[in-house]
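Student: model this:
(3 chains)
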Amino acid sequence: MSASSPKTALTPATHTTPPARFSHGVRKGNILQVAGQVGFGPAAEGEAPRPVGPGLREQTLQTFANVEAVLQEGGASWEDVMMVRVYLTDTGHFAEFNRIYDEYFADLKEAPPARTTVYVGLPAGLLVEADALAVLG
Amino acid sequence: MSASSPKTALTPATHTTPPARFSHGVRKGNILQVAGQVGFGPAAEGEAPRPVGPGLREQTLQTFANVEAVLQEGGASWEDVMMVRVYLTDTGHFAEFNRIYDEYFADLKEAPPARTTVYVGLPAGLLVEADALAVLG
Amino acid sequence: MSASSPKTALTPATHTTPPARFSHGVRKGNILQVAGQVGFGPAAEGEAPRPVGPGLREQTLQTFANVEAVLQEGGASWEDVMMVRVYLTDTGHFAEFNRIYDEYFADLKEAPPARTTVYVGLPAGLLVEADALAVLG
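Tutor: Alright, predicted model coming up:
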């Protein structure tokens, strides 16, 4: 990385505005960090962000779509991702989550990212959150 | 990064000693990682570390000051931070935390860092913990 | 890092197969990310992964051995690690965990990694999980 790489905010047009002064993603040189994404559907003017469905499948797929949109905004793809951090709320969701995960990532060509999955509290209505670290090039 | 960059421990003079064999921060080449910081006030000889106040505001501001001290020890600032990981203990704190966050980061000139916020358990008395990944240059 | 560094999956021979399409670790250029490791003993054909013991000490030492195996698979060691993320399930384990940690890392020559420790839910029977970010060279 050059000593003067700028840090660029990554803000997909369809994303809802973050609830505080943070970026949905940033890229500097060949490092790209995606902020924690949840299953919010595309931003709708005048409406509060809300998850796409009550179920784990819908929320997971939307969460990954949101991560991917940030990656793409930064010129990257899932193929560049080194690490996915997954936050679930219920250990009972692990098996179903893994099935969805495997379907979603079935077509990866590169080595799949590493992953850590833990069970935490999330705001009401959210079942899954995920962030990602990518190294490009 | 050169192939021979040393890894340097970052230990601000005012920080309390870590409770185990880890560093408050490390820098290697242009990568700087800050360990999880909490709202402990400056180290006082002969006294156990303790949070600066019972409230979220005091603890959050002290936590961020502690992160910043580690960044500065490594020749960095918040402007270099790519990712802030925030650990809260109560989803009811989210709105107030975001207000404090926005005030604290109001003067950032670069793209704000990405952020993930989840709700976990922390040792008794602690309401917030945060760590940070910075890329310099 | 060169613009054409490949991303390599790190799969120690003794590791159990991940429960989904992720890698135990990946390396790209000088960045190595280890996935969340737990206290599973070496893979045994036809048997489901299980933690090595009911106790924190056994699980912690196995977890760290599993992290180290991934590091070594990628040509790295604990000396290259910048950050260790530790997930415990009980704040009452903190003091004992730190004693085990200090013993395990007593012989580190380089600056110890930074660390964040939080308390989360893990699948039944697991008391500790850890992942690591290393920067080589």
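
Student: hmm, residue A:123 is touching residue B:94, no?
Tutor: Yes. Counting by CB atoms under 8 Å, residue A:123 does reach residue B:94; the two are 6.4 Å apart. For glycine as for every other residue, the C-beta is placed from the backbone atoms N, C-alpha and C.

Student: up against chain B, what does chain A have?
Tutor: A:1-5, A:7-9, A:18-26, A:28-29, A:31, A:33-36, A:85, A:87, A:120-124, A:129, A:131, A:133 (CB under 8 Å from any CB of the partner chain).

Student: strands - which of the residues you listed land there?
Tutor: Among those, DSSP state E puts A:7-9, A:25-26, A:28, A:31, A:33-36, A:85, A:87, A:129, A:131, A:133 in strands.

Student: would you put the C-alpha positions of stretch A:97-109 in CSV?
Tutor: The C-alpha coordinates for stretch A:97-109 follow below in CSV (Å, rounded to 0.1, in the frame of the first residue of the first chain):
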residue,chain,number,x,y,z
PHE,A,97,-27.9,-20.8,9.3
ASN,A,98,-25.2,-23.1,8.1
ARG,A,99,-27.5,-24.5,5.4
ILE,A,100,-28.3,-21.0,4.2
TYR,A,101,-24.6,-20.1,4.3
ASP,A,102,-23.6,-23.1,2.2
GLU,A,103,-26.2,-22.4,-0.4
TYR,A,104,-25.2,-18.7,-0.5
PHE,A,105,-21.5,-19.5,-0.9
ALA,A,106,-21.9,-22.6,-3.1
ASP,A,107,-20.3,-20.8,-6.1
LEU,A,108,-17.3,-19.3,-4.4
LYS,A,109,-14.2,-20.0,-6.5
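
Student: pretty sure residue A:116 sits in a strand.
Tutor: Yes. Remark: residue A:116 belongs to a strand, assigned using DSSP: H, G, I helix; E, B strand; the rest coil.

Student: check contacts around the nearest residue to it once chain neighbours are set aside.
Tutor: Take residue A:116 and drop its neighbours on the chain: the residue closest to it by CB to CB, 6 or more residues apart in numbering or on different chains is residue C:36, 3.3 Å away. Residues counted as contacts of residue C:36 (CB atoms under 8 Å, 6 or more residues apart in numbering or on different chains) are A:115-118, C:85, C:87, C:129-131.

Student: and residue A:14, by the same measure?
Tutor: A:42-43, A:69.

Student: need phi/psi at it.
Tutor: Main-chain torsions, residue A:14, degrees, to the nearest 10: phi -90, psi -10.

Student: what separates it from residue B:122, distance-wise?
Tutor: 35 Å (CB to CB, to the nearest Å).

Student: and what of residue A:36?
Tutor: 18 Å.

Student: go on, residue A:122?
Tutor: Residue A:122 is 16 Å from residue B:122, by CB to CB.

Student: before we move on, what about residue A:59?
Tutor: Taking CB to CB, one finds residue A:59 at 26 Å from residue B:122.

Student: off-centre distance for stretch A:111-130?
Tutor: Mean-position distance between stretch A:111-130 and its chain equals 9 Å (CA atoms, centre = their mean, to the nearest Å).

Student: end-to-end on that stretch?
Tutor: Stretch A:111-130 has an end-to-end distance of 19 Å (CA to CA, to the nearest Å).

Student: got the buried residues for that stretch?
Tutor: A:111-122, A:126-130 (16 or more other CB atoms under 10 Å in any protein chain shown).

Student: got it, and stretch A:4-17?
Tutor: Buried residues in stretch A:4-17 (16+ other CB under 10 Å): A:5, A:7-12, A:15-16.

Student: quick one: it to chain centroid distance?
Tutor: Going by CA atoms, centre = their mean, where stretch A:4-17 is centred and where its chain is centred differ by 14 Å.

Student: which parts of chain A are helices?
Tutor: Using DSSP state H, the helices of chain A run over residues A:56-73, A:94-104.

Student: alongside chain C, which residues does chain A contribute?
Tutor: A:1, A:30, A:79-80, A:82-84, A:91, A:94, A:97-98, A:101-102, A:105-106, A:108, A:110-120, A:133, A:135, A:137.

Student: which residue lies nearest the spatial centre of chain A?
Tutor: Nearest to the mean C-alpha position of chain A, counting by CA atoms, centre = their mean, stands residue A:67 at 3.0 Å.

Student: gap between residue A:80 and residue B:68?
Tutor: On the measure of CB to CB, residue A:80 and residue B:68 end up 30 Å apart.

Student: touching, residue A:26 and residue B:80? I think so.
Tutor: No. Look at residue A:26 against residue B:80 with CB under 8 Å: they stay out of range, at 10.6 Å.

Student: who touches both of these two?
Tutor: Common neighbours of residue A:26 and residue B:80 (CB under 8 Å, 6+ apart) are residue A:7.

Student: in terms of neighbours, single out the busier of the two.
Tutor: Counted by other CB atoms under 10 Å in any protein chain shown, residue A:26 and residue B:80 do not tie: residue A:26 has more neighbours, with 26 against 21.

Student: and the pLDDT for the more buried one?
Tutor: pLDDT recorded at residue A:26 is 98.

Student: give the bridge partners for it, please.
Tutor: For residue A:26, the beta-bridge partners are residue A:9, residue A:33 (DSSP bridges).

Student: and it, what is it in contact with?
Tutor: Applying CB under 8 Å, 6+ apart, the residues near residue A:26 are A:7-10, A:32-33, B:82-83, B:111-114.

Student: hmm, back to that, how much space between the residue nearest to residue A:116 and chain B?
Tutor: Computed as CB to the nearest CB, to the nearest Å, the residue C:36 to chain B distance reads 14 Å.

Student: and if you look at residue A:66?
Tutor: Counting by CB to the nearest CB, the separation of residue A:66 from chain B is 13 Å.

Student: what residues are bridge-paired with the closest residue to that residue other than its chain neighbours?
Tutor: Residue nearest to residue A:66 in three dimensions, not counting chain neighbours: residue A:37, with 4.0 Å by CB to CB, 6+ apart. Taking DSSP bridges as the rule, residue A:37 bridges to residue A:130.

Student: so residue A:37 makes contact with residue A:129?
Tutor: Yes. If you go by CB under 8 Å, residue A:37 and residue A:129 touch, sitting 6.8 Å apart.

Student: quick check: neighbours shared by the two?
Tutor: With CB under 8 Å, 6+ apart as the test, residue A:37 and residue A:129 both reach residue A:63.

Student: turn the contacts of residue C:36 into TSV, including pLDDT.
Tutor: Output for the contacts of residue C:36, formatted as TSV (pLDDT from 0 to 100):
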residue	pLDDT
A:115	98
A:116	98
A:117	98
A:118	98
C:85	98
C:87	98
C:129	98
C:130	98
C:131	98
